[in-house]
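1. Below are the sequence and a predicted model for it; my questions follow.
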Amino acid sequence: MAKDDLSGKLAVILHADVAGSTQLVQQDEQLAHERIRDAFRRFSDTIEKYHGRVQELRGDALLAEFERASDAVTATLAFQSDHHDHLEKISDDIQPEIRAGIALGEVVIADNTVTGAGVVLAQRVEQLAEPGGLCITSAIHEALPNRMPFSIESLGEQALKGFEEHVRVYQVQLGLGESVPLPQQKSNRQVSPKIWPRMAVVVVVVMLVAVGIGYWSKGSLPQEQPVLVGSKTFPLPDKPSIAVLAFDNLSGDPGQEYLSDGISRHIITDLSKIHGLTVIARNSSFGYRDSEATVQEIGKSLGAQFILDGSVQKSGDRLRITSQLVDSKTGHQLWAERFDRRLSDVFLLQDEITREIISTLAVRLSADEQEHLSGNVPTSFEAYDLFLRGQQASVGFSEEAITEAIEQYRQAIRLDPNYAHAYGALAVARIRQFFFGFADTPARTRDRALELARKAATMDPGSHQIQWSLGYIHMYRKEFNEALEAAERAVSLSPNYADGYALLALVKNNLGQADDVIPLIEKAMLLNPHYTWDYIYQLGRAYYAMDEYDKAVSYLQEAIERNEAVGIPRLFLAASYVNLGELEDAEWEITQAQMTHPEYTYTHLQKIMPIGDKKLFDRLFHDLRSAGLTE
């Protein structure tokens, strides 16, 4: 069974950004981005040395989590000291100075993203720091051992945006003549038991006042909850519905999880092509990894009558897969099997499991479904293995993650020049290089992405995933009619393709066809009950286009709450605030967007925003200029 990725806990949160990043970018965009990325790479390395973990790294902002307040403060001061020396060696004016804020608070981790009041508080406190400085809350101050060589100055009670009660903030520096402490061995105890009650009081106050933050307002959609009993439930559809859980990795090597996940994904992909089934999206079903929830609870939460789970064990050149199909209403096992095969037989084995499920559920296949069920498969396990590694890397959107994914896909293609899905995945990675500004030759990278996607579609025209890739790339090339055709083809090939409906909704939003977006997103949500921020963002965009700004604000706020690192929802939120006459809030959202995405200038966004409806395009940019978006 799977365990939900969403969890709530108390954590020490570090938020850092580049002071005056917009001015740096305006001087020399490419050089500024290079130096900002270099600074955050070095900061990330320091954070890891001091037992922290970087959760988000995008644009000119960094978000990290620590177990100990002392580690967070020491890591920040250690980096800032080294960074100060680094900047002194630069002769020009493009010198990114990093300011930071540290807070203790409740956080929620979902979709590999950290959100919650603790994140907001750290971000607000960081904005009080001077360039190259560090500010902390009183909870962090209380948690620091007296022996630490820090100079701490109270800035008094501060009014922070979105918090009804004032928060005491401190400025921290390394003591005069002192050295930065080396990383300490991790301990199970962070602070004295006497200190925890005082810290707890601070956190409770933070959580109580956070209720008043307009930033955390909820829309009419339910907020994502842990996928256990009590979460939102979905009615069972009128045709067989199935959820495939992440197969357990029994190989004894956690690094092999990509293989067990890949096999589960392949089965989902094949089942999704069948019109006679409703298939829950991987993003939702994989949320139960290691969960102790019963099949009845999972089925009720996901709206799935049948649950497939299993395990994968790789040993040498052999592969053992066990799987079982269970009725979630009764808990009865309908089918179970164990397979011992050579690694090279993995593709036939996945196909066999899929057909066993179809047979057990008595689902009738059309001739086209029979033909396209297996689709294009690689000729070697080694190519498949590289493809899965690329899929694992592509979960991240950093420059390093995309580069790693590209290399894995290219190696897979070298081993199997006819591997259509590797070409399609490589095409998506290339267009992301272009969109995020990581490409050395943007125009060439954008054109290469389309070449790869078209080649993949020629090799396997019946793949809904490849059609999705083609549509995605056409959209970011602003070829909207072609994007619409490919997205519609994707959902016709796979009526259970949640992300296909979401892409179709995005294309229609960009074409100004907002009325069509809502039913498409509702369909996607039904197939992916534990949907991510981008589904809600699409609803917010649609209501903005339909002049229903209160609804737009509600949905866009919720999208940002689920993933504060994304910038595009903030732009539409700012535009919605402008139309509601709330200019201060509009300006705040623009500031927040540019903090994490310094490239978000009026000129740059006009070049990259894939909006095909001129009236909508002009209106959006008029509103963004009114909200204070810099040229």
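-> Looks like it arrived, so ask away.

2. Who are the contact partners of the closest residue to A159 other than its chain neighbours?
-> Excluding its sequence neighbours, the residue lying closest to A159 (Cβ to Cβ, 6 or more residues apart in numbering) is H166, at 5.5 Å. Just so you know, the C-beta spots here come from the backbone N, C-alpha and C atoms, and that holds for glycine as well. Contacts of H166 were listed using Cβ atoms under 8 Å, 6 or more residues apart in numbering, and they are 157-160.

3. quick one: which of these sit in strands?
-> 157-158 (DSSP state E).

4. For the contacts of H166, which entry has the maximal number of neighbours?
-> Of all the contacts of H166, L160 has the most neighbours under the rule other Cβ atoms under 10 Å, reaching 22 neighbours.

5. Please name the residues that touch the residue nearest to it when sequence neighbours are not counted.
-> Excluding its sequence neighbours, the residue lying closest to L160 (Cβ to Cβ, 6+ apart) is R124, at 4.2 Å. Contact analysis of R124 by Cβ under 8 Å, 6+ apart lists 101, 160-163, 167.

6. what pLDDT, on average, does the helix or strand harbouring M595 get?
-> Using DSSP states H and E, M595 maps to helix 583-596. In this model, helix 583-596 has a mean pLDDT of 86.

7. list the buried ones in that helix?
-> 585-590, 592-596 (16 or more other Cβ atoms under 10 Å).

8. Report pLDDT for V125.
-> At V125, pLDDT is 93.

9. again, but for the one 10 residues further on
-> C135 carries a pLDDT value of 96.

10. which regions of the stretch 251-400 of the chain sit below the pLDDT cut-off?
-> Applying pLDDT under 70 to the stretch 251-400 of the chain picks out residues 347, 358-378, 396-397.

11. can you list contacts of the one helix or strand I268 maps to?
-> Assessed by DSSP H and E, I268 sits inside helix 257-271. For helix 257-271, the external contacting residues (Cβ under 8 Å, 6+ apart) are 242, 244-249, 251, 277, 279, 281-282, 285-286, 308, 310-312, 314, 321, 346, 350-351, 353-354, 357-358, 373-375, 384-385, 387-389, 391-392, 465, 494, 496.

12. Also stretch 470-482?
-> 424, 427-428, 431, 434-435, 446, 449-450, 453-454, 456-457, 483-487, 489-490, 503-504, 506-507, 510-511, 608, 610, 612.

13. Tell me the buried residues within those residues.
-> So, by 16+ other Cβ under 10 Å, the buried ones in the contacts of stretch 470-482 are 424, 427-428, 431, 434-435, 446, 449-450, 453-454, 456-457, 483-487, 489-490, 503-504, 506-507, 510-511, 610, 612.

14. tell me which element the residue lying farthest from the centre of the chain is part of?
-> Relative to the centre of the chain, the most outlying C-alpha is that of G177, 42.7 Å out, by Cα atoms, centre = their mean. For G177, there is no host helix or strand (DSSP H and E).

15. domains of this structure?
-> 7-180+188-216, 241-372, 531-631 (automatic domain parsing).

16. Would you point to the one among those domains that's packed deepest?
-> domain 531-631 (a mean of 21; mean count of other Cβ atoms under 10 Å).

17. still on that earlier bit, check the gap between the residue farthest from the centre of the chain and V73 for me.
-> Distance, G177 to V73, by Cβ to Cβ, to the nearest Å: 18 Å.

18. Look at the nearest residue to H15 once chain neighbours are set aside and give its secondary structure.
-> Distance criterion Cβ to Cβ, 6+ apart; nearest residue to H15, sequence neighbours excluded, is A122 at 4.0 Å. Secondary structure assignment for A122 (DSSP: H, G, I helix; E, B strand; the rest coil): helix.

19. Which pLDDT does the model give A122?
-> In this model, A122 carries a pLDDT of 91.

20. right, and it touches E106 too?
-> No. A122 lies out of contact with E106 (Cβ atoms under 8 Å); the separation is 12.0 Å.

21. For D71, give me its contacts.
-> 12, 50-52, 183-184.

22. do that again at 10 Å, thanks
-> Taking Cβ atoms under 10 Å, 6 or more residues apart in numbering as the contact definition, D71 lies against 12, 14, 47, 49-52, 181, 183-184, 186, 190.

23. same question, T379
-> 344, 347, 415-419.

24. switch to 6 Å and redo it
-> Listed by Cβ atoms under 6 Å, 6 or more residues apart in numbering, the contact set of T379 reads D416.

25. Then the one 3 residues further on?
-> By Cβ under 6 Å, 6+ apart, the contact set of E382 is L415.

26. Could you measure from it over to Q296?
-> 41 Å.

27. what about Y543, helix or strand, and which?
-> Using DSSP H and E, Y543 falls in helix 533-545.

28. got TSV for the contacts of H166, with pLDDT and distance to A139 too?
-> Listed next are those as TSV, based on pLDDT from 0 to 100; distance: Cβ to Cβ, whole Å:
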residue	pLDDT	distance to A139
E157	87	14
Q158	88	14
A159	84	18
L160	83	14
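
29. As CSV, the contacts of H166 with distance to A552 would be great.
-> CSV is the format used below for these (distance: Cβ to Cβ, whole Å):
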residue, distance to A552
E157, 35
Q158, 31
A159, 28
L160, 26
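
30. So which of the contacts of H166 is the closest to E29?
-> Nearest to E29 among the contacts of H166 is L160, at 31.5 Å by Cβ to Cβ.

31. Output stretch 26-46 as PDB, nothing but the C-alphas.
-> Taking C-alpha atoms only, stretch 26-46 is exported to PDB below (Å, rounded to 0.1, in the frame of the first residue of the first chain):
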ATOM      1  CA  GLN A  26      18.200  44.600 -15.600                       C
ATOM      2  CA  GLN A  27      21.900  45.300 -15.800                       C
ATOM      3  CA  ASP A  28      22.900  41.900 -17.400                       C
ATOM      4  CA  GLU A  29      20.200  39.200 -17.300                       C
ATOM      5  CA  GLN A  30      22.400  36.300 -18.300                       C
ATOM      6  CA  LEU A  31      25.300  37.100 -16.000                       C
ATOM      7  CA  ALA A  32      22.900  37.900 -13.100                       C
ATOM      8  CA  HIS A  33      21.200  34.500 -13.400                       C
ATOM      9  CA  GLU A  34      24.500  32.700 -13.600                       C
ATOM     10  CA  ARG A  35      25.800  34.400 -10.400                       C
ATOM     11  CA  ILE A  36      22.500  33.900  -8.600                       C
ATOM     12  CA  ARG A  37      22.400  30.200  -9.500                       C
ATOM     13  CA  ASP A  38      26.100  29.800  -8.400                       C
ATOM     14  CA  ALA A  39      25.400  31.500  -5.100                       C
ATOM     15  CA  PHE A  40      22.500  29.200  -4.300                       C
ATOM     16  CA  ARG A  41      24.400  26.100  -5.300                       C
ATOM     17  CA  ARG A  42      27.100  27.000  -2.800                       C
ATOM     18  CA  PHE A  43      24.400  27.900  -0.200                       C
ATOM     19  CA  SER A  44      22.800  24.500  -0.800                       C
ATOM     20  CA  ASP A  45      26.100  22.700  -0.300                       C
ATOM     21  CA  THR A  46      26.600  24.500   3.000                       C
END
